[in-house]
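Enquirer: pasted the sequence and its predicted model underneath.
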Amino acid sequence: MSTPALKLEGLNKSFGPAHIINDVNLTIEQGERHAIIGPNGAGKSTLFNLISGLYTPTSGTVSLNGEVVSGMPAHEINRRGLSRSFQVSNIFTNMTVRENVRCGVLHSMGQGYAFWKNIGSNKPVQQKTAEILEQCGLIDKANVPASLLPYADQRSLEIAITIAGGADVILLDEPTAGMSNTETDRAIALIEKATVGKTLVIVEHDMNVVFGLADRISVLVYGEIIATGKPSEIRGDPRVIEAYLGDEADHLAAEGEPA
Amino acid sequence: MSDATTTYDLAPSTGAKFRQRTLPILIFAAILLAIPMVGPSRTMYTLMHQMGINIVFALSYNMILGKGGLLSFGHAVYFGLGGYLCMHALNWIEDGVGLWGSFPVFFLPIVGFVGGAAAAAIIGWPSCRRAGTTFAMISLGIAELVYAGSYMFDSLFGGEQGVSGDRMNGPEMFGLSLGPISDVYWFIAFWTVVGIALMYGFTRTPLGKLSEAQRDNSQRVQFIGYNPQTVRYFVFVFAGGFAGVAGGMAAVNYEIFTPINLSLAPSGFVLIMAYVGGITYFVGPIFGAILLTYMQSMMSDFTEAWLLYLGVLFIAIVMFAPRGIAGIVFGIWHGVTGPNPSAYLAKLMMQLGGILLMLLGLIVLVEVSVRWSNGYGHVYEPFGIHLGHTDVLTWIIVLVASVAGVALTRYANRPEEASQ
């Protein structure tokens, strides 16, 4: 078996007396599409913040491709091939769409904090930026200021920046939140296309999206993972139904059974 | 993403880049070349030199404020320390200390850059760890610290008299002895253009773009693989360096630096210059530097209340035109070249009329009050009209002009009718 893309071991996070993440153990294989679901306040975003380096774990470790990355600053983890998106659009508002994506491309194209190079005349950077824009369906809006984009396009831009650096582990935090059905379908198609051959960890509320996209699902309740398994296993797991899915699970289980 | 690698040309064309970026700098340089042909007076030269110094200083400040999102209350520290180093260098050149004897005074702003950047590299190390209010407070503390310190270390700062020198030493460059004021003009013009060109170039580099990214969203910068603290630090060092260039220009121009040059007063003035000019535009601080330098040296001849007008201007810009003079200029340009220029011009004229009326009311109020308050019995008599503080006419003008001005501006800015 190859090295897992992500491995969380005995992960804990407390803020003062509040234990947000409780002894989380999770292994995500290379190329896996893994969904994390759970009720509001279960700690899904906190878990993402721990993995991506925004928070430091109280105890336990996070390993990325076999290397322990917990405790590293976020930009170091990003350079090692992990990229994330945010639940609320977290873009560079005063720049154009093209400049946003170009910023995301920079580091992977070997650009450091250089002050002696002209960014505009760097062909590989321009080319890569154009490819990402094309892929995310933003090429027509390349020169629009990011703050003027419609909501759904801002979400696409959020994904575009996330994948621009060519990371092989992608964390998406509710990429379809607040989208209409058609917009959700388009976003999912984009996510599937953009993460081919990559490891994807996704937090999502839309159960249709989760069960359609994920290879495996983990259910997080009160900071603990109560179940991990294939979508079919999760559907039938009584603990999951009790703790979280409720009516929605009945509905999904009923849908799945006759097949 | 599968099919042939289509080449997109999303960036502006070479022609557009030349028109928008290179050409303005070339035109500016051509104007500077032409100015001496009209034979400016000594006063004009003095004023232009101050403008050139302030242009570089204000642009360097905008590297951190406008492009970096860092509000500093102590930018004159780097201007002053760079300038002081240049004053000492000027004396080393005169005394022929070491290799300094062969260093041309013309290139002193390079020394200023080194001095300003070195100071920023030391001071910025702790202060750039944080952005926002913390950064602003630290910058204020450091400005006070350095200013207070400058009176304690006499051999470095020369106490209240400061450090003075003589620019007519060392090898001559380009046949300029730097003695006559017209020689100094070429020195100032050269470094103003070089400063503008280099600082503009900086905005086109990866670091310059990361600076803007860090300003917009410091958190996201971490997740594209960069440390926002490092970005801030490098930008801060460059801003300090260019402030030092302005300091070097000032050192050669005035041949003296005193602790006042690194006090809070010039730190505040550079903030006002950049902000009034427009911090969201690269050219903004240039406009601001030209206008405010002019006001500083010329308006004090007309009225002793000029600082009050400066304050009103600053507040008015902050409240009503946060994009500054550059924003107003580009706004007018867009309006005139827009779909309905005549309607736009009509509105503009009305706004302008309203502003002039308000200004009239303000000027009469201020000038009459200042004379009254001084108690020397002077009376404000514009165009021979007697306006004392007891005259009814005075207060009629103040009231009518102010009220009419406000009404006219509000009318001009009324919301558009629903039917366009």
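Expert: Structure's in. What do you need? Predicted, not measured: the structure shown is a model, and the values here were computed from it. Numbering: from 1, shown residues only, chains lettered A, B, ... in the order given.
Enquirer: low-confidence stretches in chain A?
Expert: Applying pLDDT under 70 to chain A flags residues A:1, A:243-259.
Enquirer: so B:Gly361 is in which element?
Expert: Per DSSP states H and E: B:Gly361 is located in helix B:341-374.
Enquirer: now the element after that helix, going C-ward?
Expert: helix B:392-412.
Enquirer: what's the mean pLDDT across that next one?
Expert: On average, the pLDDT along helix B:392-412 is 86.
Enquirer: give me the buried stretch members for the helix holding B:Gly361, please.
Expert: Of all the residues in helix B:341-374, those buried under the rule 16 or more other C-beta atoms under 10 Å in any protein chain shown are B:344, B:347-348, B:354-355, B:357-369, B:371-372. The C-beta positions use only the backbone N, C-alpha and C, and glycine is treated the same way.
Enquirer: can you tell me the average pLDDT over it?
Expert: Throughout helix B:341-374, pLDDT has a mean value of 87.
Enquirer: now the angle from it to helix B:392-412?
Expert: Taking axes from the mean of the first three to the mean of the last three C-alpha atoms, to 10 degrees, helix B:341-374 and helix B:392-412 form an angle of 150 degrees between their directions.
Enquirer: quick one: helix B:341-374 to chain centroid distance?
Expert: Relative to its chain's centre, helix B:341-374 lies at 25 Å (C-alpha atoms, centre = their mean, to the nearest Å).
Enquirer: next one: stretch A:134-146
Expert: Its chain's average C-alpha position is 21 Å from that of stretch A:134-146, according to C-alpha atoms, centre = their mean.
Enquirer: who's in contact with it?
Expert: Taking contacts as C-beta atoms under 8 Å, 6 or more residues apart in numbering or on different chains, the residues outside stretch A:134-146 that touch it are A:91-98, A:100-101, A:130, A:133, A:149, A:153-154, A:156-157, A:159-160, A:163, A:186, A:190, A:193-194, B:1, B:6, B:8, B:10.
Enquirer: stretch B:125-135 too?
Expert: With C-beta under 8 Å, 6+ apart as the contact definition, stretch B:125-135 has outside contacts at B:69-72, B:138-139, B:142, B:214, B:218, B:228-229, B:232-233, B:236.
Enquirer: among those residues, show me the least confident.
Expert: B:Ser218 (85).
Enquirer: which residue packs closest to the residue of chain A positioned farthest from its centre, ignoring adjacent ones?
Expert: Distance to the chain centre peaks in chain A at A:Trp116, reaching 34.1 Å (criterion: C-alpha atoms, centre = their mean). Sequence neighbours aside, B:Thr205 is the residue nearest to A:Trp116 in space, at 6.9 Å (criterion: C-beta to C-beta, 6 or more residues apart in numbering or on different chains).
Enquirer: tally of neighbours for that neighbour?
Expert: 20 (other C-beta atoms under 10 Å in any protein chain shown).
Enquirer: returning to that earlier point: so which of the contacts of stretch B:125-135 are in helices?
Expert: Among the contacts of stretch B:125-135, the residues falling in helices (DSSP state H) are B:138-139, B:142, B:214, B:218, B:228-229, B:232-233, B:236.
Enquirer: tell me how the chain divides into domains.
Expert: You didn't say which chain, so I picked chain A. What automatic domain parsing lists as the domains of chain A is A:1-81+A:169-259, A:91-166.
Enquirer: could you do chain B instead?
Expert: Split by automatic domain parsing, chain B gives B:14-322, B:339-412.
Enquirer: how far out from the middle of the chain is the longest one?
Expert: Here the centre of mass of C-alpha atoms in domain B:14-322, compared against the chain's by C-alpha atoms, centre = their mean, lies 8 Å away.
Enquirer: with the shortest one instead?
Expert: When C-alpha coordinates are averaged (C-alpha atoms, centre = their mean), domain B:339-412 and its chain have centres 28 Å apart.
Enquirer: and that domain, how far apart are its ends?
Expert: Distance between the two ends of domain B:339-412: 19 Å, counting by C-alpha to C-alpha, to the nearest Å.
Enquirer: same check on the longest one?
Expert: Separation of the first and last residues of domain B:14-322 by C-alpha to C-alpha is 32 Å.
Enquirer: repeat for stretch B:268-288
Expert: 13 Å.
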